[in-house]
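Undergrad: Could you look at this predicted model? Sequence included:
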Amino acid sequence: MSLIPSPVRRGVEALLAPIVDRLIALDISPNAITTVGTGLLVLAGVAFGAGWIRTGGALLLASGGFDMLDGRVARGAGGTTKFGAFYDSTLDRVGEWVLFTGILVYFVTGGVPPEWRIPGVVLAVSALACGLIVSYARARAEGLGLECKVGIAQRAERIVGIGAPSLLFGAGPDGMLLFIIVGVLAAIALITVFQRIAHVYHATRATPRTTQARRVPTDFAPYLGKGPNGE
């Protein structure tokens, strides 16, 4: 289940297809696309921190476009690599850190009324932390050989959830629109964490348990795992 409807996702895929083909024809490296996308995300964080909310929203959405392109270009060109996957995932986390740090700075430096500054900091940190845990949960599951793309607040939802309202409406009166958006994102990211935990739990429950190793007789245990010198 996702907050972005499937028809919208398919429409975006169709729009991106000719761009992907063009980038492949130009032999553009997927890692270069990842780098540019992260640069835009970092600039978005700086813009939010400076109070340029609409600019930050536009840069955030632009970075999301690049984020959708790099993997597709890599797969289309048959050039997916382990380093590329690692590089993309790592830079995504760096970009999110800068983004939410910028939002936190905006809250602290007068973006919201004084009585809402500490709650704003808590929400920004919570949204960042929950987003990182969402990504970690997928990576850890895939490390165990399980697919884990479930959840209502994946990366695309988080980018659109902040970027689109910020571009259209700014931070809102006294910054409270941005405050509410960050709070909602923190909540749905937390829900996604539990969704992924439940998904992996059920997936592993369906997998037969490995047979326990037969107990070694006590008399032989001292001799196992030791070299000629008894080490």
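TA: Sure, I can see it. Residues are numbered from 1 along each chain as shown.
Undergrad: from here on, contacts and neighbour counts on C-alpha atoms
TA: OK.
Undergrad: Return the residues in contact with residue 138.
TA: By Cα atoms under 8 Å, 6 or more residues apart in numbering, the contact list for residue 138 reads 147-149, 196.
Undergrad: So among the residues you listed, where is pLDDT lowest?
TA: Within those, the minimum per-residue pLDDT falls on residue 149 (88).
Undergrad: What is the distance between stretch 45-59 and the centre of its chain?
TA: In this view, stretch 45-59 has its centroid 19 Å away from the chain centroid, taken as Cα atoms, centre = their mean, to the nearest Å.
Undergrad: just stretch 35-47 next, same as before
TA: Here the centre of stretch 35-47 is set off from its chain's centre by 15 Å, with Cα atoms, centre = their mean.
Undergrad: go on, stretch 113-133?
TA: With Cα atoms, centre = their mean as the basis, the distance from the averaged C-alpha position of stretch 113-133 to the chain average is 17 Å.
Undergrad: just stretch 122-138 next, same as before
TA: 8 Å.
Undergrad: List the buried residues for it?
TA: Of the residues in stretch 122-138, those buried under the neighbour-count criterion (16 or more other Cα atoms under 10 Å) are 123-135, 137-138.
Undergrad: mind listing which of those residues are in strands?
TA: Here DSSP state E is the test, and these give no hits in strands at all.
Undergrad: Show me which pair in those residues is furthest apart.
TA: 123 and 138 (22.6 Å; Cα to Cα).
Undergrad: Would you agree residue 146 is in contact with residue 200?
TA: Yes. Counting by Cα atoms under 8 Å, residue 146 sits close enough to residue 200 to count as a contact (7.5 Å).
Undergrad: Is residue 97 in contact with residue 128, as I believe?
TA: Yes. In this structure, residue 97 is within contact of residue 128 by Cα under 8 Å, at 6.7 Å.
Undergrad: rewinding a little: compare residue 146 and residue 200 (neighbour count), which wins?
TA: Between residue 146 and residue 200, counted using other Cα atoms under 10 Å, residue 200 has the larger neighbour count: 22 against 15.
Undergrad: so who does the more buried one touch?
TA: Residue 200 touches 141, 146, 148, counting by Cα under 8 Å, 6+ apart.
Undergrad: 7 Å instead?
TA: Residue 200 is in contact with residue 141, counting by Cα atoms under 7 Å, 6 or more residues apart in numbering.
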